[in-house]
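In: Here is the input, now give the coordinates:
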Amino acid sequence: MDVIVRPTPTLQGEIGALSSKNYTTRYLLVAALSEGVSTIYHPAHSEDSDAIRRCIADLGAVLTEDDEKIVVQGFGKNPRDVKELNVGNAGAVLRFLMAVAALSPEVTFVNTYPDSLGKRPHDDLIKALGQLGVEVEHNNGRLRLPSAAASRREDGSLSPVQSAHSISARCCS
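Out: Below is the predicted model:
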């Protein structure tokens, strides 16, 4: 299935979806990249969703959570200038935030899982970011992004790389 996405001045509405680690991380990222307030009902709790909660808060999103929902005041195109982000062992979160980190002067991703996350491939996203003018330094389990400015899986879902490109395209344009 081909999908054409066109820019829109506003996007609003309600989406009722099942709670999942993958959806929750994407919902939280999109909420953080918005310039308004977003409410996500029944978010999943996992290592990945906890990592993105922590990182988007570090980047300036304001999160308020109770047993039913999480309310996110986004930072839009202006994430807080942070020096380090620790995504834990959450590979998809790292890939999403590599694209977002390009909006900041310099961010170092700390890798405390060199035998797991440190061995996963990131070269395709690093190459794509480089083509957009983003310099990426990577060695010894650390990624540093000073900024100058994919294909679908067999099940039809977007890969973290494609999601990172799609999600960040709106805020970086």
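
In: alpha carbons only for contacts and neighbour counts from here, please
Out: OK.

In: so where is the chain shaky, pLDDT-wise?
Out: Along the chain, the model assigns pLDDT under 70 to residues 16-18, 114, 118, 139-173.

In: Look through it and report the residue furthest from the middle.
Out: Distance from the centre of the chain peaks at M1, with 24.4 Å (Cα atoms, centre = their mean).

In: pretty sure I70 belongs to a strand, no?
Out: Yes: assignment of I70 by DSSP: H, G, I helix; E, B strand; the rest coil places it within a strand.

In: Measure how buried it is and give me the count.
Out: 17 (other Cα atoms under 10 Å).

In: Do I have it right that it meets L63?
Out: Yes: counting by Cα atoms under 8 Å, I70 does reach L63; the two are 6.7 Å apart.

In: Excluding chain neighbours, what is closest to V72?
Out: Nearest non-adjacent residue to V72, counting by Cα to Cα, 6 or more residues apart in numbering: L63, 4.7 Å away.

In: can I assume the one you found sits in a strand?
Out: Yes: according to three-state DSSP, L63 belongs to a strand.

In: How about the contacts made by it?
Out: R53, A57, I70, V71, V72, Q73 (Cα atoms under 8 Å, 6 or more residues apart in numbering).

In: Could you report the separation of D2 from V30?
Out: Distance, D2 to V30, using Cα to Cα, to the nearest Å: 22 Å.

In: So the two - more neighbours on which side?
Out: V30 (17 against 4).

In: got the CA coordinates for the one helix or strand the more buried one maps to in PDB?
Out: V30 is part of helix 21-33, with elements assigned from DSSP states H and E. Only the C-alpha atoms of helix 21-33 are listed here, as PDB (Å, rounded to 0.1, in the frame of the first residue of the first chain):
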ATOM      1  CA  LYS A  21       5.400  -0.300  23.700                       C
ATOM      2  CA  ASN A  22       5.900   0.500  20.000                       C
ATOM      3  CA  TYR A  23       2.900   2.800  19.700                       C
ATOM      4  CA  THR A  24       3.500   4.500  23.100                       C
ATOM      5  CA  THR A  25       7.100   5.500  22.100                       C
ATOM      6  CA  ARG A  26       5.800   7.000  18.800                       C
ATOM      7  CA  TYR A  27       2.900   8.700  20.500                       C
ATOM      8  CA  LEU A  28       5.200  10.300  23.100                       C
ATOM      9  CA  LEU A  29       7.700  11.400  20.500                       C
ATOM     10  CA  VAL A  30       5.000  13.000  18.300                       C
ATOM     11  CA  ALA A  31       3.500  14.700  21.400                       C
ATOM     12  CA  ALA A  32       6.900  16.100  22.400                       C
ATOM     13  CA  LEU A  33       7.400  17.400  18.800                       C
END
